[in-house]
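Q: One predicted model, sequence on top.
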Amino acid sequence: MLSKKFNIVTDGQWGSCGKGLITTALADKYRPEVLTTTNMANAGHTAVHENGDKFIAKALPSATILNKWIPEYNPLVIVGPTAAFTIDQMLKEIQECGRPKLIIHSRAGVITEEHRNAETDLKSGTKHVASTMQGCGVCLADKIMRKPGVKLARDYKELLTFTKTDLDISIPELINDNMLQGNTVLHEGAQGFSLDVNHGSHYPHCTSRSTTATQNIADMGVPFNKVGDIYLVIRPYPIRVGNVVEDGETVGYSGDCYGDHHEIAWKDVAEEANAPPEVMAGELTTVTKRLRRVFTFSKTQLEKAVLINGATKIALNFANYIDWECYGKNSVDELSTKVTDFIKKIEDIAGIPVTLVGTGPQNNHVITIDC
């Protein structure tokens with residue numbers, strides 16, 4: 001991670017690559033003075049302490065929990081203007097993280113029950129594309145349309161402590177001033193590159209906004225000459241959110257894959273990695289709790305993600321799905337040849353180094369090679 005710069009963690013596939021784990025591990029190692037995000041309620045990022053304590057972030061950067069887990073670490077946390085959250089979730093996370101130093105941009109979106117209800121309608125909503133239906137797209141549309149009566153973060157009394165309207169126009173300057181003073185920024189992106197509404201793989205089976213690292217830079221108002229490392233988080237078997245099935249009928253399809261890979265079953269993943277039986281049951285998404293669809297690796301997907309995001313480093317998560325023997329390891333010397341061969345394959349395709357390897361869900365399950 002480059003000091004005095006705006007460093008970014010972004011997802012190189014369809015999301016759920018473990019950005020929460022990587023961001024928190026990086027923050028734990030480097031202790032950046034500023035944490036930022038533009039997350040929405042349709043993405044849940046998970047951080048797990050080595051003692052088993054778990055924090056699921058849908059509003060704050062996942063590394064904000066370190067404010068509680070590491071008493072001497074108290075970063076400034078900034079939620080950007082393109083974030084969207086429910087009031088209850090934001091207040092819950094603030095409390096869970098020990099009331100960190102927090103600024104919420106007053107133009108950040110607030111998701112209401114009406115927003116969520118609008119997305120669940122089969123005819124006019126987003127169920128047909130297997131959306132998480134958390135109300136993010138409708139909330140974003142209301143803000144863009146500048147509808148009469150639309151309420152943003154600045155309009156809720158519960159958030160007045162954090163939405164300092166006198167700072168709104170100068171949040172980019174605030175971030176820049178921190179870097180000029182020698183402080184480092186770590187930004188946590190949300191969702192996945194292949195879900196990007198403009199550059200993703202399969203419109204309309206995508207999310208409601210752009211998710212690239214470039215978009216994250218623009219959202220926070222950071223000049224390009226202040227950008228540091230861009231960490232692209234990937235997994236050996238990319239996933240898509242599960243389809244929506246009601247009464248035995250698929251009413252929401254989450255989309256196709258690239259031409260150089262195909263969908264497989266979770267038992268195939270488990271058998272290839274010699275994993276325990278519970279892996280065969282598969283993963284449920286953090287937000288919807290649907291069974292994730294899983295695919296073989298795509299060279300095309302990685303190449304596009306590296307190019308369009310301007311990635312400088314790769315974080316390979318779920319290395320234990322390559323070989324379960326490496327589960328929970330925290331030294332590169334403990335990785336099997338099967339895993340190191342996959343890492344070399346990734347580096348050859350991407351042309352940039354793999355600098356972090358996740359071998360399990362906990363913060364101490366991340367191997368730093370040269371990050």
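A: That came through, no problem. A quick note: this is a predicted structure, and the numbers were derived from the prediction, not measured.
Q: My read is that I111 contacts Q134, right?
A: Yes - using Cβ atoms under 8 Å, I111 is in contact with Q134, at 6.7 Å. For every residue, glycine as well, the C-beta is placed using N, CA and C.
Q: Count the neighbours of A275 for me.
A: 20 (other Cβ atoms under 10 Å).
Q: That one contacts V269, correct?
A: Yes - in this structure A275 lies within contact range of V269 using Cβ under 8 Å: 7.2 Å.
Q: can you list residues touching both of these two?
A: Common contacts of A275 and V269, defined by Cβ atoms under 8 Å, 6 or more residues apart in numbering, comprise Y321.
Q: still on that earlier bit, anything in contact with each of I111 and Q134?
A: Between them, I111 and Q134 share the contacting residues A41, judged by Cβ under 8 Å, 6+ apart.
Q: just checking, D229 is part of a strand?
A: Yes - according to DSSP: H, G, I helix; E, B strand; the rest coil, D229 belongs to a strand.
Q: mind listing what it touches?
A: M1, L2, K5, N7, I8, T312, K313, C371.
Q: again with Y327
A: Y327 touches N320, T359, G360, H365, counting by Cβ under 8 Å, 6+ apart.
Q: Next, it: phi, psi?
A: Dihedral angles of Y327 (phi, psi; degrees, to the nearest 10) stand at phi -60, psi 130.
Q: How about K5?
A: phi -130, psi 170.
Q: what's the burial count for it?
A: Using other Cβ under 10 Å: K5 sits among 19 other residues.
Q: give the contact list for the residue lying closest to it once chain neighbours are set aside.
A: Nearest residue to K5, sequence neighbours excluded (Cβ to Cβ, 6 or more residues apart in numbering): G228, at 2.9 Å. G228 is in contact with M1, L2, S3, K5, F6, N7, I8, T184, V185, counting by Cβ under 8 Å, 6+ apart.
Q: In PyMOL, select just the buried ones from these.
A: Per 16 or more other Cβ atoms under 10 Å, the buried members of these correspond to this PyMOL selection:
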select buried, resi 1+5+6+7+8+184+185
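Q: Is it possible to get the contacts of G228 out as JSON lines so that each row also shows pLDDT?
A: Listed next are those as JSON lines, based on pLDDT from 0 to 100:
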{"residue": "M1", "pLDDT": "94"}
{"residue": "L2", "pLDDT": "97"}
{"residue": "S3", "pLDDT": "97"}
{"residue": "K5", "pLDDT": "98"}
{"residue": "F6", "pLDDT": "98"}
{"residue": "N7", "pLDDT": "98"}
{"residue": "I8", "pLDDT": "98"}
{"residue": "T184", "pLDDT": "98"}
{"residue": "V185", "pLDDT": "98"}
